[in-house]
Structure formats: C-alpha cells, structure tokens
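Asker: Pasting a predicted model and its sequence here:
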Amino acid sequence: MKEHVPDRQGIAFVALFILGNSIIYGLAWRAGRDLWLSFLVATGLSFPLILLYSRLHSLMHGQVFSEGMESLFGKWPSRIIALLYSGYAWRLGSYVVSDVTNFIQAVSLRDTPQFATALGFVLLVLWAVKEGAETLARWSSVMIVVVGFVLVFTLLLATGQVDLDEFLPVMYDGFGPVLLGALQIMDFPFLETILVVGSIGALSRQKASYTVFLTGFVLAAFFLMLVASFSLAVLGTEKYTTSYYPIFMATARIDVAEFLTRLELVVGVIFALGGFLKMAVCLLAACKGLAHTLGFSDYRFLATPLVLSVIPGARWLVKSSMEIERSATKVFGISDVLFQVVLPICLWIVAEIRISRHSED
Amino acid sequence: MRRRLIQILMLCLLALFTTGCWDYTELELLDFVIGAGVDADEAGIVLVTEMAKTTGVGQETEFEPVVLSTKARTLSGAAHSLSVPAGMEAFWPHTQVFLVSEEVAREGMMAVLEHILRAWDLRSTMNLFVTKGCTAEEVLKSKPPLAAGVSQHLSSTVRLGDMRAAFVPQQVWQFSGDLAALGIAATLPVVQLVHVTGNLVPVVRGAGVFKKDRLVGWLDAEQTQIFGLLKGEEQRGLFVMDTTVEGETFPITYEFVHNVVEIKPRISDGNVRMQIKLELKLGVVAAEKANFLDRAVTNTVQEQLNRAFARRIRELLWLVQEEYNSDIIGFGQVLMRKEPKVWRSHADDWDTHLRKLAADIEVDCRIIFTGLRAEPFAVRN
Amino acid sequence: MSFWKRWKEKKAAGKQREHLSTSLESNIRWLRSNLLADDATIVYRLLRTKGPRPRDCALVYANNMAKHDFLSEHVVAPLMSSAPPKELHGQGLLDYFMQEAISSDSMDTSSSYKELAEAVVRGTGVVLVDGCGIGLMVDAQGFEKRSVSEPQSETVVRGPRQGFTEDLGVNVSLVRRKITSPNLKMKYLYVGEQTRTKTAVMYLESVAKPDLVDEVIQRIEQIEMDGILESGYIEELIKDSPRSPFPTIGHTERPDTVAGKILEGRVAVLVDGTPFALTMPYLLVEAFQANEDYYRHWVLASFHRLVRYISFFLTTSTPGLYLALVSHHPQLLPMNLAISIAAARKNVPFPAMVEVVIMGLVFEILREGGVRLPRSVGQAISIVGAIVLGDAAVGASLVSAPMIIVVGLTGVAGFVVSQFNDVAVVVRLGLVVLAGLLGFYGFLLGGMGLMLHLASIKSFGVPYLSSLTSLSVQGSQDTLLRSPWWKMQMRPRHIGAKNRQRVQSPSRSRRS
C-alpha cells in the first residue's frame, strides 16, 4: 500500500508532532527567565540536525520504508537499525501515554484508574496506527488549525496578564543555564523529530522532505517559544520553574469579565491532540521498524500487540508524576544523544557514501 | 464477525458495570464552598467556611449562605474533615475569597499557603484577605446588608473599580508570587468589621504589610491609596483635599482619571537612589469657588497637589522602609531588573540597604476635566 | 427469492422461442401465454389495413402506461387507413409502415420476444404485423406524473422553484436546461433484475475525471439487486465505507444543485421513479453548503455557513459537554451556574447521564412522530408534546430545567444541518456515553476518534475531508466561508482536477 502525503499536511504533521505532549511542560526551565534565548539557541543548534533528518528522509523517497532502509544500508545493518529505533520509538510512546494519564489524573480525573484513561487513549492510537500515516497527516492538518486557533486565541486573551518585566534581567546567571535549557529542549521535543522520518511515507516529491521537515520544525519551535515565554511572563520565573504544568497554571489565571475563565481546559485539549499524534507517530515508527526487522513488508498485524504493550510499558518506565517531570525536563539523556545525534549522523554518512558509490556504478 | 462484535460489546458493558464510573459525581451531592477563613487556635487551626445551601424546588431556587467550622492541626486536615459537619462532599473549586485572621498572619502564612498552592481544588485566582481586629469567623458570620453572603459581598467589593482607592486586591497567585520573588514583599487587603446602622458589616480597607511570610504592620486607607499608585494599580475613585486658591482655603473633591508610575534606580558613586516619577491625571468633581478656566488657578492647584502627593509618598516610604523594613513596593526587584550588577552586591543585605535607600520623588498632577461646568456655580441675589 | 426463481424459470422457458415467428396469431398467442401471461392490463388491439391486400396487424400496449389518444390517432388510425402495396412483405412492409403510416417521432424495431414484452410493460406500443418476424415499437409512454414543483425537503428563499419529479425524462431535461452544452454527457443504465430501473449518469466531459466516471458506471453496473425503487438503494450499494454513518454520496431534489455539482466536476446519477438525484464524490463540506449560499451575497452566505458548522457542533456536543461538566467537572462551571444547576437537580430521581439519554430519546420520539404524521398534525403534536412534556416534567421534578434547554438546543441545532441529522444522533450518543464515563477527556477521545474516522474515509477516491485539509487560501475558498464568485476562479482541487480553471479570464471589473 503506497502512502502519499501532500506537503502542507506533512508540515502540519511534523509541527503537531513536535508540539505534541511537550507543550504543557516547563520547557527549558533551567534557563529560567532566559528561556526565550534557550529557544533561539536550541532552534539554531537543531536546525542542521533537522536538515540531516530531512536529507535521510528524502534519500528514502518513493520507496516503502523497508525497501528504502535496505537500499540505503544493506539488509542486515538496516534491520538492526530499525530494531533499535523501533525500541526507542516504543519507549517514547510509553512515555507519552504516561504523560497523558498522569496529566489527566493530576488535573481532572482523580479517581479514575490510570489504566482506564490509558486504555481509551491507546485504543484510539491503535486505530490510528492501523489507518496509517496518510490518514494521520490528514487528521493533523485539521487539528493544527484547531490548535493554532485555540493557542492564538488564548494568548490574546491573556495578554493582560503578561508582565514583560519578568524577562529582566537578561542572563543574570550567565550563559550556562541558557545552554542547559537549550539542550533540554533539543532533547525533548525538537530532536525527537527523527521518528517522523520512519513513520511518514512518500511526500509529493523528493525535495519536499526539506520543506516539510524544516517548515514544520520552525513553526513548532516558534509556537513552543511563544507558549513557554507567555507562561513565564504570566507566572513569573519561580512558578514556571517549579510547576509541573506551567501553561496550565498560566491559562487558569485568565479571567475576562468573569465569563471567560477556566480556560485551562483548552490547554488540556491541545495537549491531548498533540500527545495523541505524537504517540501514534511513535508507534507507527515502532511498528514499521519492527516489521522491517522481522522481514515483513506490512506492519499492520504488529500494531495490536505493540500498541497495547505500551500500557504495561508505561507502568514499568514511569512510577510517579515526579519521574515524568524528571524525564520530560532532563538535559540530554545518553540514549537520546545516541538516537537523536550520533546514530543519525552515522546513518547519514553511510547513506551518502553508498549513494555516491551507486551513482559511480 | 457479528459474533465477535457482540462479544466485544458484552465485554465493554461488563467492564462498565463492574467498575462503575470512577469520577462520576452528581452535582446535587456536592456542598459548594464559596468562601473560607482561617483562625488560630491552641490546638492548631480553625477553618471557617461559608457554604451555599440551596432552597426551593424546580425553577425557583435560591441559595443562602451557611457558616461551618472545623478544627484540625493543619489546614489540609481541616479542609478534609469539613465533610463531617457538611454531610456531603465539600466542593472547593468555587471558593472566591479566603480570609486569614491577623493572628494566623502574624505567625506566618506558610501554614495556609502550602495547602492552597498544592491542592488541586483551590484556584489561584481566589482573593486573599487579612482580618484586622476580628477573627475570620466573625467576618464570615456577619451580615452584609445586600449581598447573599460575606463571600459575595467581598468579591463584589473587589470587582468594584471605584472602591479600589482604599485597598490593593491580592489574588493567591499575586501574593504567593510576591513572597517567592526576590526584592519584593507582599501585602494583603484588610477586612474590618464596621458598624453600619446597627449591623456589623465587613469592609475592605487598608493593607497588611508582610515581611517574608509574616504580617508586620498595617497601612491605613490613605496610605494604601499611595501604595496603590506606586504599585501602578489603576486607581479609580475620589479623594478630598483642602486647597488654597487666591488666599481662600476650602476642600476640593478630585477624581482619579489616569495614573502612571515609573520607578528607576540611579547609580551615582556606588550609591543607589530610586527615582520615582508619578504622573496623575485628575478630574474635579466638586470645587466651591475655584475657576479652572483660569490657567493661574489651575497651576496653583496642581502645584499644591504635587506637593501633597510627594509628601504622602515620603511618609509612606518612611513607614515602609524604616518602620516595617519591608520592600512592598519592590525597589529590590526594580534594581535587579534594571541594574543586575548592583543588585548582586546588595542582594544579601537588602534589608539594611532598604533602610537607607534614598528616593527622588517627582509628581506631576494634571487636572484634565471639571465635570459638566466650566466655572463654579454662583449664587446671586 | 421465489420471485427470482420463477423469473429464472420463465427465462429458461422463453429460451425455447426467442424470436418472433412470422405468424401474427402465433406471436400473440405466445405473448399471451408466456411473457405477458396473467396480465389483465395488456391490450391486444387487432386491426386490418386497407389496400389491395389488407394485412392483419396487432397493437399491443399496457393500459394506462401508454398514451391512449396518441396511439389511436397516430398508430391505429393511419394503420387502418394505409394501403400497403401488394408486393411488400417482411422488412419492406415494416419500413413502409414506419415511413408512410405511423406518425410518431420515436420508433424502434426488435425481433426479440423479451425485448418487446419489456417495451410493452414500460408503456411502449408494439405493432406486430402478420407475416413479419419483427415487431415495431412506438414510443408512447404516458402515465400520470407529478408536475414540476418546489421540493419540500429543500426549500429556498431565493432560487429556482424547480424540483425533480419521479420521471427520469423530465429530470434529465431539467438538468440539461441548466447546462446547455454538448459537453454535458449522459449515459443510461438499467438497474435491477426485476424493475429494470432506468438510471442516467450525467457529467461534464471537459471537467469530470474520466476515472471517476468509469468508476461510477462500473459500480452501478455491478449492482445485483432485484429492484431499485429509490436512489437510496443505489447509494447504499455503491458508496464507499458502507459501515460509516456519514454519507459519502450526496442526494438532492434540486436541479440547480445537481447542475452546480456537475459544473464542479462531479458525476450525478438520476434514477427513474424518484426525485432524489445522487451526486458523487461527496465531501464533508458539502453537507454544510446550501445552494442558496451561491445565490446570495457572499458575506451573508458565509455567515450562515459558519452558523451551520456551529450548529453541527452544538447538536452533536451539547449533551455530551453538559454531562461532562455536570458529572465530572463542576469546577469548570461558573459558581452561580453550578449552584443553580445543583438546585434544579436536587429532587430529580435520575442520575444526570440517565437523564440525558432519556431526554434524547424523548426528543427523537417526538421528532419521528412529527415527521411520519401528516404535516399539520405532526407539527401540532411535536409542539404540544415538547411544551407539555417538558414543562410538566420540570414542574414534577422528573427532569431538571437545564436539561430541557440542552435537549432543545440540541434538537433545534440539528435541523440546521439537515444532511447530517441522522449522523448527529449517532455521534451524540457516542459522545454522551464517553463523556459520562471519562468526562471531558472521554468527550475529547470521542471527538478525536470522530475526526480520525472522517480522515480515513474517502468518497470515490477523494478524501472525505479534502477541502478542509488543504490549509491553503485557494483550497478553502468554499469551505468554512464562501468566497465571492469573482474570487473563485478554480474548481475544487480533488474533483475538478482535469480542468481546474473555472473562469478563463477573471472579470476584473467586479473587483475594482
């Protein structure tokens, strides 16, 4: 089955993936009031890597995932790489589901067992994975409009609460925290974009990979920066860095004529939409990777066990909401460096060499 | 296919009926807390709550406030045991006002704030008050003349722009934010009980000054007005001042129209001076004799206003810096934001620096309208 | 099934004699005893020509299906007064009758019993001549039919007052009158083993994608069904995602709507015997478009289109949202509202969820009653039912007052998007159950699932959401809002891909 994703839908797909579940966390909290600088730095540092990802994606253009992998890296190496990334994607998917369930439990459904909230979410993801990337891209192109509209609307409503002086003084503690903050955001969520490479199929043309990935990334980075800066300006540095869900706290403060209040609900909606897409993409990548490793061309029969296994996976990986917070805001874990930076660079070099050899032949 | 569908459906139904609906509650089984207060007690804490009791059936329903109180060692414990006298689940998210008695505030706000900030069901947009000369229980049990309940009375007072001149409202997030931030101290609006036609009515007036999380002193209504101006709070409302025009002294009633304040640090030879620039646009509501068409008259009046406000600001600053030694205006914060290097050297010992912090005060009052009359009303034979 | 069997047997019997014999008598006997046996409506009019050698003829037709006066005047009378030359026989004789005797504009010949019998049943007059193995079919269809009037299901304030009738010929002509271009192509298909319902596939050759047209024709040809009584049969048999409650084929009673869709590059299928034409592919946005949108000022049309989207949201979501708020998230309600709802619910014996479901059911009962009853009675019943039931139920504390508002809003909003009225019921129920279980989170899961479903279905190869997902100004001109005509120079991308330019040279004068 050949999938085809139009450019604009692809952009929406990438952007929503990056916004994903990250939007509610206190991104770059280590930078404190300088987080906007962190965002700029992180965007600048991530840009070449995203470029590299899109190069990898465009090299596989027009081929089914497993074929593309095999033509680039050979049979067995490609299977091992696919297995590794499949594991990474699965782990990330587990984190997303525990993010969602913990958030839901913290802010709203206190007595509902996490299993129940997770099951509803996971079943939906299972369905989405079975439908494939094309449907998901179409879905996200509708949802990105919802997300964008809601975000802009909320931010506009809250402009009255924003205190720009919160950003002063700039770099009081020097450049160190800014860099740490930047590394935080690169790890989560910017460079997780590598998983989109494995999940999204053919775009309109080979060059479109660059447009889709880079535009989607910049768009998402801009929105995240806007949201994080807004939260900080509303909450103040202290609250931003100590709350689990700063944007949630910030929107709770909106009060327009005692009528438009309690807009934190809206943040929950955005979070659920983004988290859903992110998890679906992760598991899509995991399924495709595992299918390739096992030597199957169709991944759909793997979807059910793999997706459902995320629920126990989430319990195994995360045991409390403190752990979630820690994992969401850590500074570049070792496995993340491996999967987001080292491996892609190696893959890229190998791929380029093999391609040029092919063309010489 | 159909059999499998039926099986799945049956499983779902079974799951539904065996587990129940976890968070499903019925609205009518909740007791709404609309206001709360904390008093001190030898054993620990007394939590006083104002609850909404609904009366009437069908379409004609109303609610009347009922005051309950519980005792416990901590606020969380007291909040939890509230269901015992209430009989149903106490529902906190609609709480609008939270009163802290003077006694509790003097001992430190952490006991109260910790619970409020951590609990999921208390909103950070609650209005905080400190009581003066009475307990929270007395306030909540008083009878405001028109509103249905003390909480409604207080929250509508806060919403009233015209009353703002007498207090600076503080919601939980503002108060806690000021406590947590560097170089600024917190205040709370004060609730007092006042005799009005034989009834004790809660009135919001003045401010309680905090140092760290402890209440250290009071500002009266007039000082609070100046404090509000310095905080950049938008002021509405009137004030009366004796004004001398052409040799005669008589009271003129002014109205705040617009106010802007700018506070900047100025560093000269390692010494910090705060420059306070206050711009006021005022209207005249009632003036017996002054003719504001005459530019000379307007100028003299503005001169007097400038001097008066400058004097009041100086008095307030003295009180705050010397007497309470609490940086409620946030000079430290301004210094940190504008001159981070200087702040770094002053931060550790800010209390002493605050005491000798000098201020240049510049007030610029302008009268921009005089009601519907250009000249004073003259009575002739 | 037994009909089917019997018909097959008959078909087998007919195989023995497929073609006419030259004997008039034996032909009539055969028809009478076999294909047209036991049919009292068939008239066999025997007559004889003049001339040197009078010939025996027979006119066979079905009573009330053919125009009697036409047949008497233009077939019977000229035949009886004709005088065919002596030497003519066989095909020559038939040609003589066709050319010099019968004055009808539409005639055909056939030698097959089956074809002739089918023609008779359809209302054609069949002339059999002694000595000829060929029958003559004179088109004389004429039966009672409804005149063209405004359709009751789609009324407009401004717009043509024409609606389709039950007669295919009339319907095709109504569309043809809108698009008088030789580019408008038409293909007739006969569907249904028993009914042989005539079906017209119409499209604009220069615009519609050839694949699409082929696909439609192929799907219709593949239908195996004994009878097609309404276009709904065809719709259900050829639509994509047949399990989805969402329609992937549109239907309308209005020729102007059909013409508009054809101009965009869609294919229309008209079925004899029903005023409802089908258009395909059918996308989600079309449910929110009304033909009147295009006849009115674009600002007003856009506003009403927005109202339709909002109404659809309200009709599907209000009960679910209400339930989520009341039963899971009372903290999200403003305080006074929460207290007053709590007070209103105080003596109601049902949990909120049961209340929502029961009231939804009551509303559906009232609506169904109103629709099926005669128009005048129906309206009275629904109004009285709603007011009396609602008011009394609230007074007796059986139902809370806010619930009545929710149900009322749901119902009224549902009528705004009539195309999705039935879908809305399903969606609403699903959302209510999810919201009751998991509150707003459940509601959100339902909404996301709904969107996923919409994103996954296609109509004739075109994604159901396609115009909503284009994310470009050009592509969304006719979705949430309606752009003015002078801006809409392109046809929708997925449908009119063959020839996207709607207007060759934009009329700039309008823009200035």
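Answerer: Received the coordinates, thanks.
Asker: who in the stretch 201-350 of chain B is up against chain A?
Answerer: B:336, B:337, B:338, B:340, B:343 (CB under 8 Å from any CB of the partner chain). (C-beta placed from N, C-alpha, C; glycine too.)
Asker: again, only using 10 Å
Answerer: For the stretch 201-350 of chain B, the residues in contact with chain A (CB under 10 Å from any CB of the partner chain) are B:333, B:334, B:335, B:336, B:337, B:338, B:339, B:340, B:341, B:343, B:344.
Asker: Drop anything exposed from these.
Answerer: Buried members of these, scored by 16 or more other CB atoms under 10 Å in any protein chain shown, are B:333, B:334, B:335, B:336, B:337, B:338, B:339, B:340, B:343.
Asker: Considering those residues, which is situated nearest to residue C:233?
Answerer: Checking these against residue C:233 by CB to CB gives residue B:337 as the nearest, at 75.0 Å.
Asker: My assumption is that that closest one lies in a helix; please confirm.
Answerer: Yes: counting by DSSP: H, G, I helix; E, B strand; the rest coil, residue B:337 is found in a helix.
Asker: Surely it and residue A:237 touch.
Answerer: No: Residue B:337 is not in contact with residue A:237 according to CB atoms under 10 Å; the separation is 11.4 Å.
Asker: any residues in contact with both of the two?
Answerer: Contact criterion CB atoms under 10 Å, 6 or more residues apart in numbering or on different chains; residues shared by residue B:337 and residue A:237: A:33, A:166, A:167, A:172.
Asker: how much space between the nearest residue to residue C:88 once chain neighbours are set aside and residue C:51?
Answerer: Nearest residue to residue C:88 in three dimensions, chain neighbours excluded: residue C:96, at 5.5 Å (CB to CB, 6 or more residues apart in numbering or on different chains). The gap separating residue C:96 from residue C:51 is 10 Å, by CB to CB, to the nearest Å.
Asker: residues shared between the contacts of the two?
Answerer: With CB under 10 Å, 6+ apart as the test, residue C:96 and residue C:51 both reach C:82, C:83, C:84, C:85, C:88.
Asker: before we move on, the earlier item: tell me which two of the residues of the stretch 201-350 of chain B next to chain A sit farthest apart.
Answerer: For these, and using CB to CB, no pair is farther apart than B:333 and B:341, which are 15.4 Å apart.
Asker: And the next helix or strand past the strand or helix carrying residue B:227?
Answerer: Per DSSP states H and E: residue B:227 is located in helix B:221-231. Per DSSP H and E, the first helix or strand lying C-terminal to helix B:221-231 is strand B:238-245.
Asker: Let me see the mean pLDDT of that following strand.
Answerer: Averaging pLDDT along strand B:238-245 yields 85.
Asker: which strands and helices sit next to that strand?
Answerer: Under the contact definition 3 or more CB pairs under 10 Å, 6 or more residues apart in numbering or on different chains; DSSP states H and E, strand B:238-245 sits against strand B:248-268, strand B:271-287, helix B:295-318.
Asker: In TSV: these, plus mean pLDDT.
Answerer: As requested, the helices and strands packed on strand B:238-245 are exported to TSV (pLDDT from 0 to 100):
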stretch	mean pLDDT
strand B:248-268	88
strand B:271-287	87
helix B:295-318	90
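Asker: Just tell me which of the ones you listed ends up closest to residue A:208.
Answerer: Of the helices and strands packed on strand B:238-245, nearest to residue A:208 by CB to CB is strand B:248-268, at 52.6 Å.
Asker: just the angle between the closest one and strand B:238-245, please?
Answerer: Angle between the axes of strand B:248-268 and strand B:238-245 is 110 degrees (criterion: axes from the mean of the first three to the mean of the last three CA atoms, to 10 degrees).
Asker: Alpha carbons of strand B:248-268, as CSV, please.
Answerer: Extracted in CSV, the C-alpha atoms of strand B:248-268 (Å, rounded to 0.1, in the frame of the first residue of the first chain):
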residue,chain,number,x,y,z
GLU,B,248,-9.0,81.1,50.4
THR,B,249,-8.7,77.5,51.7
PHE,B,250,-11.6,75.1,51.0
PRO,B,251,-12.0,71.4,50.2
ILE,B,252,-12.0,70.3,46.6
THR,B,253,-13.0,66.7,45.6
TYR,B,254,-10.8,65.2,43.0
GLU,B,255,-11.3,62.1,40.9
PHE,B,256,-8.5,59.8,39.6
VAL,B,257,-8.6,59.5,35.8
HIS,B,258,-5.3,58.0,34.9
ASN,B,259,-2.1,57.2,36.8
VAL,B,260,1.3,56.1,35.6
VAL,B,261,4.3,55.5,37.8
GLU,B,262,7.8,54.9,36.8
ILE,B,263,10.4,53.7,39.3
LYS,B,264,14.0,53.7,38.1
PRO,B,265,17.3,53.1,40.0
ARG,B,266,20.0,55.7,39.6
ILE,B,267,23.5,54.8,40.5
SER,B,268,25.9,57.6,41.5
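Asker: Do I have it right that residue A:270 meets residue A:143?
Answerer: Yes: using CB under 10 Å, residue A:270 is in contact with residue A:143, at 9.2 Å.
Asker: could you pull out the helices for the stretch 1-150 of chain C?
Answerer: Applying DSSP state H, counting those that start in this stretch to the stretch 1-150 of chain C gives helices spanning C:2-14, C:24-33, C:68-71, C:77-81, C:90-96, C:113-122.
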